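# Fold the following and give me the result.
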Amino acid sequence: PRAYYNLGNIYSDEEKMEQAIESYRQSIGLDPGFIDTYYNCGNAYFKLGNMPEAIALYEKALEIAPGHASAHKNLAIAHFNEKNFERAIEHCDRATELGTPIQPALIEALKPYR
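This next block holds a predicted model:
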């Protein structure tokens, strides 16, 4: 699983998201408990603009590690992009509680929905 994960990271760094996702999926198949693979695979889907898949993978990462601050942060952004402002606020607040800074523009954009 670690080799596929690392290969996924290389593809991601090269902006080859489809190949990255394929490698991350291979890693997940071999080790379904490897949280970083779900998170990074979610990032690849996010970069492709596929928010539903990104959200599903970030949520899977949080099932394994509820305190994964970066997953909360990225979920806030993904939910905002999907216009699910209630969930965006929830994850924004949780990421902040966990010490992860949130972009001021996102905080400002969510103010009308609080």
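
# Which elements pack onto whichever strand or helix holds residue 78?
Assigned by DSSP states H and E, residue 78 belongs to helix 69-81. With contacts taken as 3 or more Cβ pairs under 8 Å, 6 or more residues apart in numbering; DSSP states H and E, helix 69-81 sits against helix 35-47, helix 51-64, helix 85-97, helix 104-110. In this view, the C-beta of every residue, glycine as well, is placed from N, C-alpha and C.

# how about a cut-off of 6 Å?
Helix 69-81 is packed against helix 51-64, helix 85-97, with contacts defined by 3 or more Cβ pairs under 6 Å, 6 or more residues apart in numbering; DSSP states H and E.

# Just the residues contacting the shortest one, thanks.
Residues outside helix 85-97 that contact it (Cβ atoms under 6 Å, 6 or more residues apart in numbering) are 69, 72-73, 75-76, 79-80, 102, 110, 113.

# rerun at 10 Å
55, 58-59, 62, 66-82, 84, 100-103, 106-107, 109-114 (Cβ atoms under 10 Å, 6 or more residues apart in numbering).

# which parts of the helix holding residue 78 are buried?
Neighbour-count burial for helix 69-81 flags 69, 71-80 (criterion: 16 or more other Cβ atoms under 10 Å).

# for stretch 81-99, same thing?
Here stretch 81-99 shows 84-85, 88-89, 91-92, 94-96 as buried, counting by 16+ other Cβ under 10 Å.

# And stretch 30-46, by the same measure?
Residues of stretch 30-46 classed as buried by neighbour count (16+ other Cβ under 10 Å): 34-46.

# just curious, which of these is nearest to residue 20?
Nearest to residue 20 among the buried residues of stretch 30-46 is residue 44, at 4.5 Å by Cβ to Cβ.

# ok, that closest one - contacts?
Taking Cβ under 10 Å, 6+ apart, we find residue 44 in contact with 8-9, 11-12, 15-25, 50, 53-54, 57.

# All good on my end, thank you.
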